[in-house]
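[1] Here is my input, please return the structure:
(chains A and B)
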Amino acid sequence: MAKTNQYCVAENWGKGFIEHGESSKIAFSGLPGNVWQVPAHNKDANLWINKVLGVPKTKDEAQAIVDVEITAEQTAWDALSDEEKANNSRPADITLEE
Amino acid sequence: MSTYKEINGQKVQYLASDPPNSHAGQVWYNSTSGSLKFNAGAAGSVWVTGGNLNIGRGDGGGVGTATDALSFQGQQPASPSYANATESYNGTSWTTQPTTNTRVFQLGQSGTSTSALGFGGYVPGSRTTATESYNGSSWTTQPTMTTARYGLGGVGASNTEALGFGGYTTSFSANATESYNGSWTNSPNMVKGGSGIMGTGTVTATLSAGGSTYPDVGSVTASESYNGSWTSLNTMPTPRIRGGMTGTTTAAVIFGGSSNVNNVYDGTNWTTSATLNTGHPESQGRAGSSNTNALIFGGASGIDTTESLRSTGGIRELTVS
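    Below you'll find the predicted structure:
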């Protein structure tokens, strides 16, 4: 099956990181660990990765980065008091798609 | 306690030059250099943890040596995310120094810990031509670059000479080169170039490697050398972006950024070498004077760790006190 998504790692630098013209052309998903999901086989997405000096990752590499971050967040949530837990839901696992 | 003769079967030799085929553990006296020497085993290198930055940040400038370095600007988690911090390193710990006039990251750099130049980079919303010099006590604004760009490489011995090359100028262009001697002048373009590129050497003998160019997004293994014009060299085994490189055009080491595995260059070929203890993604901050004297610090999302490269093994002098 052809890939529909590609992944890269790049820290969001704020203004100019995702510009209006880019968000109107590309579907972005920001994930834990500075992981970004954008469409595969897409020139605009490739140009954006180049612009932000992103480091391309395979789905499995990206999943591993996300898992580390989610596990850390879940561990932190588990350590909260019952009162604090009542006000925050436990971070859910995220499964990336090819 | 065993003696040297009991272990090795002979006394310490008195030689005019180092023996060509010594073995690990062998000791001799070199009468020419007047020093006691030994074979410490196969030559290699290892990264050793140093003191943490006071303000963890990535994509900043870095100059100097592994024991006398300067870190400036970069991207930090705290607001504002564009840092103007300056810190100096003495081989053990980082000390806060005067801040820069502008807040920039992904910039180029040249010089030493007391004579540094920072140029180009990214400011909120755009790439910049800004240039600042440091004299060991304060930062001063200098003439701007011709071409605004970020993620560029930079080399140079002081705050009065630099070569800036590569870096993101447009979607399809990352090969512009400029030289600085108090003002900026355009120089011949790189062959391929790259954004998030790394550089080392001098303004007249420069080595560049890695980075990202469209359509080879994030996967550049190319390297080039400059001596007034750019020439393509052999490719690296490891793609790399936003890391560090130290050494010369004939003996260099590239490290950090998107890979923890070092590659070393012998003037012809790149090979794989030591591995960092921890990741320094989007670090760019680096210092060092040779392929065995290197420092990497900081990284994305406020990484504040520092590591220095130490050579291991080889022929060494024995100091007895």
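[2] Every contact and neighbour count from this point should use C-alpha atoms.
    Will do.
[3] Up against chain A, what does the stretch 51-200 of chain B have?
    Taking CA under 8 Å from any CA of the partner chain as the criterion, the neighbours of chain A within the stretch 51-200 of chain B are B:75, B:81, B:124-126, B:151, B:168, B:171, B:195-196.
[4] Which of those are buried? Put it as a ChimeraX command.
    To isolate the buried members of those in ChimeraX, using 16 or more other CA atoms under 10 Å in any protein chain shown:
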select /B:75,81,124,151,168,195,196
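[5] ok, now which ones touch whichever residue of chain B sits closest to chain A?
    Nearest to chain A in chain B, going by CA to the nearest CA, is residue B:125, at a distance of 4.5 Å. Contacts for residue B:125 were tallied using CA atoms under 8 Å, 6 or more residues apart in numbering or on different chains; they are A:14-17.
[6] Also residue B:91?
    Residue B:91 neighbours (CA under 8 Å, 6+ apart): B:50, B:66-68.
[7] redo that, cut-off 7 Å
    Residue B:91 is in contact with B:66-68, counting by CA atoms under 7 Å, 6 or more residues apart in numbering or on different chains.
[8] Mind checking which of the residues you listed are in strands?
    residue B:68 (DSSP state E).
[9] Could you single out the nearest of the contacts of residue B:91 to residue B:276?
    Among the contacts of residue B:91, residue B:66 lies closest to residue B:276 (CA to CA), at 14.9 Å.
[10] for chain B, what are the nearby residues on chain A?
    A:11, A:15-16, A:46-47, A:49-51, A:53-56 (CA under 7 Å from any CA of the partner chain).
[11] I'd like to know the average pLDDT value across stretch B:199-218.
    Taken as a whole, stretch B:199-218 carries a mean pLDDT of 93.
[12] That stretch spans what distance, first to last residue?
    Distance between the two ends of stretch B:199-218: 17 Å, counting by CA to CA, to the nearest Å.
[13] chain center to that stretch: distance?
    Remark: stretch B:199-218 is offset 12 Å from the chain centroid, using CA atoms, centre = their mean, to the nearest Å.
[14] With stretch B:198-206 instead?
    With CA atoms, centre = their mean, you get 11 Å for stretch B:198-206.
[15] With stretch B:232-248 instead?
    Relative to its chain's centre, stretch B:232-248 lies at 11 Å (CA atoms, centre = their mean).
[16] Which helix or strand lies directly C-terminal to the strand or helix carrying residue B:254?
    Using DSSP states H and E, residue B:254 sits in strand B:252-255. Sequence-wise, the next helix or strand downstream of strand B:252-255 (DSSP H and E) is strand B:261-265.
[17] helices or strands up against that next one?
    When contacts are defined as 3 or more CA pairs under 7 Å, 6 or more residues apart in numbering or on different chains; DSSP states H and E, strand B:261-265 sits against strand B:252-255, strand B:270-275.
[18] can you tell me how far residue B:237 sits from residue B:259?
    11 Å.
[19] Let's have the helices and strands packed on strand B:261-265 in TSV, adding mean pLDDT, mean neighbour count and distance to chain A.
    Formatted as TSV, the helices and strands packed on strand B:261-265 follow (pLDDT from 0 to 100; neighbours: other CA atoms under 10 Å in any protein chain shown; distance: least, CA to the nearest CA, whole Å):
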stretch	mean pLDDT	mean neighbour count	distance to chain A
strand B:252-255	96	28	15
strand B:270-275	94	17	19
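[20] Output those in JSON lines; the columns should cover distance to residue B:111.
    Output for these, formatted as JSON lines (distance: least, CA to CA, whole Å):
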{"stretch": "strand B:252-255", "distance to residue B:111": "18"}
{"stretch": "strand B:270-275", "distance to residue B:111": "26"}
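[21] Looks to me like residue A:76 is in a helix.
    Yes. According to DSSP: H, G, I helix; E, B strand; the rest coil, residue A:76 belongs to a helix.
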